[in-house]
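K.L.:
missing the sequence, but the structure's below:
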């Protein structure tokens, strides 16, 4: 059985539905991606979210939400006195801004229990994480997580990584560059956004990002550019794939995460990099036509039934 997991922080999401009307859900960059994969992959695929939970009622409800949607939590530890992080989305048209409350989030301790982490990551076909996953951890916990990822990669686990640079989460850009470059050194698949790479590494154009990541040893790179074309390189091929046009976008929250989930699901089912980029753009287009970070599962399942072949291959 195919076994996949994502590592990171899932927060409580509050999204404005009116002047003083707020809707609550769950979201976080790597969770948004694993959610998308859950909607696109057959239910028999084992899919876990590796994090750390608090022992409060909100954490218990979060666990129940995962279970009700067939997303496991592996050996994710419970942190005494911990609780989930929280963020609120406000929209200006269809563009969004965020306010966060996450300094005491239990997920910051997801790598502190090495035995739990090792059990959670063991025997996986693919593990996905992001720069945000690394940014929320202490330096010691980052070293533990990266060491474990390097170990399982030597056992043929595929490591997929989105650098997802968010300056407010790092003490300094220099720290972010060092940590992200270390993660890239053990990544098989990289899914960066060009604006992030430009901000952190001063890349002049997406092709420079492609070249830098390939030279770092990454085998497969897709550079996202919002509503612009995605550039890709890997498997001896390269090219661009245009985004899907959306006439009336509703909410761009989580669109890049949905792209990543669509891409990985498509690749896991044997489609080429070029084909997977097309699938990913279509999933991102579906995402921006719904509110909040999580694309409704019924929309993802409809796409899966129509567009993605059923046979899973990791070759």
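P.N.:
That came through, no problem. It should be emphasised that the depicted structure is a prediction, and the values quoted were computed from it without experimental measurement.
K.L.:
which residues are in contact with stretch 129-139?
P.N.:
Stretch 129-139 has contacts (CB atoms under 8 Å, 6 or more residues apart in numbering) with 6-9, 28-30, 102, 105, 107-108, 110-111, 142, 145-146, 149, 159-166, 169-170, 176, 179-180, 183, 196. Glycine gets a C-beta too; all of them are placed from N, C-alpha and C.
K.L.:
Run a quick neighbour tally on residue 164.
P.N.:
24 (other CB atoms under 10 Å).
K.L.:
make that residue 269, sorry
P.N.:
Residue 269, neighbours per other CB under 10 Å, totals 23.
K.L.:
And residue 100, by the same measure?
P.N.:
A total of 14 residues lie near residue 100 under the criterion other CB under 10 Å.
K.L.:
Assign it to helix, strand or coil.
P.N.:
What DSSP: H, G, I helix; E, B strand; the rest coil gives for residue 100 is strand.
K.L.:
OK, contacts around it?
P.N.:
Contacts of residue 100 (CB under 8 Å, 6+ apart): 11, 85-87.
K.L.:
I'd say residue 232 and residue 280 touch.
P.N.:
No - look at residue 232 against residue 280 with CB atoms under 8 Å: they stay out of range, at 10.0 Å.
K.L.:
picking that back up, any idea which of the contacts of residue 100 has the most stuff around it?
P.N.:
Among the contacts of residue 100, the one with the most neighbours (other CB under 10 Å) is residue 11, at 23 neighbours.
K.L.:
ok, which stretches of the protein are helices?
P.N.:
Taking DSSP state H, the helices of the chain run over residues 29-40, 57-68, 114-121, 131-135, 139-153, 173-184, 194-201, 206-215, 255-268, 273-288, 297-307.
K.L.:
just to revisit the earlier point, filter the contacts of stretch 129-139 down to the buried ones.
P.N.:
6-9, 28-30, 102, 105, 107-108, 110-111, 142, 145-146, 149, 159-166, 170, 176, 179-180, 183, 196 (16 or more other CB atoms under 10 Å).
K.L.:
any residues in contact with both of residue 232 and residue 280?
P.N.:
In contact with both residue 232 and residue 280: residue 222, using CB under 8 Å, 6+ apart.
K.L.:
Give me the more crowded residue out of those two.
P.N.:
Higher neighbour count among residue 232 and residue 280: residue 280, with 30 against 25, using other CB under 10 Å.
K.L.:
where's the more buried one relative to residue 230, distance?
P.N.:
7 Å (CB to CB, to the nearest Å).
K.L.:
shared neighbours, these two?
P.N.:
In contact with both residue 280 and residue 230: 222, 259, using CB under 8 Å, 6+ apart.
K.L.:
what two of the contacts of residue 100 are the furthest from one another?
P.N.:
Maximum pairwise distance in those, criterion CB to CB, is 6.8 Å, between 85 and 87.
K.L.:
what do those two both touch?
P.N.:
Shared contacts of residue 85 and residue 87 (CB under 8 Å, 6+ apart): 11-12, 100-102.
K.L.:
could I get the residues you listed as a markdown table with pLDDT and distance to residue 237?
P.N.:
Shown next, in a markdown table, are the shared contacts of residue 85 and residue 87 (pLDDT from 0 to 100; distance: CB to CB, whole Å):
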| residue | pLDDT | distance to residue 237 |
| --- | --- | --- |
| 11 | 95 | 37 |
| 12 | 94 | 41 |
| 100 | 86 | 39 |
| 101 | 89 | 44 |
| 102 | 87 | 40 |
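K.L.:
Pick the one among those closest to residue 36.
P.N.:
Residue 36 has its nearest neighbour among the shared contacts of residue 85 and residue 87 in residue 11, at 16.8 Å by CB to CB.
K.L.:
is it true that that closest one touches residue 84?
P.N.:
Yes - counting by CB under 8 Å, residue 11 does reach residue 84; the two are 5.7 Å apart.
K.L.:
residues shared between the contacts of the two?
P.N.:
Contacts common to residue 11 and residue 84, judged by CB under 8 Å, 6+ apart, are residue 105.
K.L.:
Flag the shaky bits of the protein, pLDDT-wise.
P.N.:
Low-confidence segments of the chain, defined by pLDDT under 70: 18-19, 91-96, 247, 304-315.
K.L.:
Now with 80, please.
P.N.:
1, 15-21, 89-98, 243, 245-254, 289-292, 302-315 (pLDDT under 80).
K.L.:
What about residue 23, how many residues nearby?
P.N.:
13.
K.L.:
ok, it - contacts?
P.N.:
Going by CB under 8 Å, 6+ apart, the list of residues near residue 23 reads 14-15, 17, 291-292.
K.L.:
let's go with 10 Å and repeat that
P.N.:
Contacts for residue 23 were tallied using CB atoms under 10 Å, 6 or more residues apart in numbering; they are 13-17, 89, 291-292.
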